[in-house]
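Visitor: Requesting a structural model of the entry that follows:
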Amino acid sequence: MTQQQDFSEPATAAPDVVVIDNVSKRFVLRKDNSLKERLVTFGRLGRRNREEFWALNEVTTTIQAGHTVALIGHNGSGKSTLLKVIGGIIDPTSGRISRRGRVAALLELGAGFHPDLTGRENVFLNASIMGLSRAVTESRFDAILEFSGIGDFIDTQVKFYSSGMYVRLAFAVAVHTDPDLLLVDEVLAVGDEAFQRKCLDKIRSFQEEGRTIILVTHALGQVVELCDRAILLNKGSIEYDGDPRVAVAQFRDILEDRRLAQVTVDSEETVREAVIHGATSQPEGRSADAELQQGDALLIRMDVEHYTGTDDWMCAIQIDNTLGQVVYGTTTKRLELRLGHFEGRRTVWFKLEDTHFGGGKYFVNVSLMDFAGRHFADLAQACSFNVADMPLAVGSSYATPSFFELEPTA
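Guide: This next block holds a predicted model:
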């Protein structure tokens, strides 16, 4: 059940804008593809051709006013379903959603647009649905048109619009209705780069005004940059709810587990020359779980094995940040090292002196290759390490900043 509800809270606390109470959503997937098949399998056999799919499983959480929350997860994890339930587009099978304030939802491309109406007519239609009077819509129409940037196409039927024009107009209408709660599902991935920047600037202005934003995106950089909270969904349940950086890191772990699980039988049966059994990383002189401090040396240990033996081999490491960006990489070949004959099991150490990574979590990928660059074995995200946050700066590298007063020019 989805309902509007008044909330009472202490004057000093941010009010609850969305309360999700034990929400589940079930879909029925049919295996018969035609009406004829459904008639033939009607009744007892028909039940055999249906399969229940629970997109959400007893999800419970609360979102307070003024927060920007990302819903992340792999395809089929339930994030878009949860956003539609929050927006009242679909009803939950069980549980309850409570909302307060005006909601503007950008959940699907062109949702709410009538294809046979012009852009102008759809502006007034959508604004009316969101509770704006015609007079108010007329007063904001020029701003909506300017923001959308579609110009003279405003008087063209929207069925002739490109996907980018759809999104521009839909986003322009939504952000000019003064929503208390803005729901966004991947629409920022459509449109040119300039319009995406305009949308992000508008979202930031909403944040400064204290509005609540819930967005679904696969752009993990936007999650860390824009959001103060992230909810990671996996198989319809909340896997993590909290710091966006931690959520993104755990999401990458899930994606890597899924990638490994999808390795084909053929690749599993392929005879391998070598294997990487594991890797560890830690600050020199401290425990493995200690945070790396500025100037520390980082030790990376690889446990490797070659079954047949070779003289043509090298080791490689690559360090990624939580956004998947490469921040450091090297090989024993770059270090001009010849490691000699390799057969059986060996341990290889890399020592990175005087490190200056920015604060946050980092993942170490390790590889065995020949000197031509062909890979014997790889182990993605073989290990990770954490760098202490630096209060004076952000980014993937760190230098101690200082300020010098500017001298007046003559």
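Visitor: Let me see the ranges of the helices in this protein.
Guide: 35-40, 44-48, 79-87, 119-129, 134-148, 163-175, 193-208, 220-226, 244-261, 265-269 (DSSP state H).
Visitor: looking at it, residue 69 is touching residue 232, isn't it?
Guide: No. Counting by C-beta atoms under 8 Å, residue 69 sits too far from residue 232 to count as a contact (11.4 Å). (C-beta placed from N, C-alpha, C; glycine too.)
Visitor: These two: who's more crowded?
Guide: With neighbours defined as other C-beta atoms under 10 Å, residue 69 and residue 232 compare such that residue 232 has more, 26 against 21.
Visitor: Tell me who's in contact with that one.
Guide: 72-73, 238-241, 247, 250-251, 254 (C-beta atoms under 8 Å, 6 or more residues apart in numbering).
Visitor: quick one: which of those is nearest residue 286?
Guide: residue 250 (24.3 Å; C-beta to C-beta).
Visitor: For the nearest residue to that closest one once chain neighbours are set aside, give me its contacts.
Guide: For residue 250, ignoring the flanking residues on the chain, the nearest one in space by C-beta to C-beta, 6 or more residues apart in numbering is residue 240 at 5.2 Å. Contacts for residue 240 were tallied using C-beta under 8 Å, 6+ apart; they are 230-232, 246-247, 250.
Visitor: Return the distance of residue 240 relative to residue 173.
Guide: To residue 173, residue 240 is 34 Å away according to C-beta to C-beta, to the nearest Å.
Visitor: how about low-confidence regions in the protein?
Guide: Under the criterion pLDDT under 70, the flagged ranges of the chain are 1-12, 30-49, 108-111, 187-191, 259-271, 404-406, 409-410.
Visitor: run the last query once more with 50
Guide: Scanning the chain for pLDDT under 50 picks out the ranges 4-12, 264-267, 269-270.
Visitor: Could you list the domains of it?
Guide: Domain segmentation of the chain under automatic domain parsing yields 2-101+180-256, 272-387.
Visitor: circling back to that earlier point, residue 294: which of the helices of the chain is closest?
Guide: Judged by C-beta to C-beta, the one of the helices of the chain that comes nearest to residue 294 is helix 244-261, at 18.6 Å.
Visitor: Packing partners of the closest one?
Guide: Here helix 244-261 touches strand 68-72, helix 220-226, strand 229-234, strand 237-242, strand 360-369, strand 375-387, going by 3 or more C-beta pairs under 8 Å, 6 or more residues apart in numbering; DSSP states H and E.
Visitor: Please render these as TSV that adds distance to residue 139 to the earlier fields.
Guide: Formatted as TSV, the helices and strands packed on helix 244-261 follow (distance: least, C-beta to C-beta, whole Å):
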stretch	distance to residue 139
strand 68-72	28
helix 220-226	29
strand 229-234	34
strand 237-242	40
strand 360-369	45
strand 375-387	51
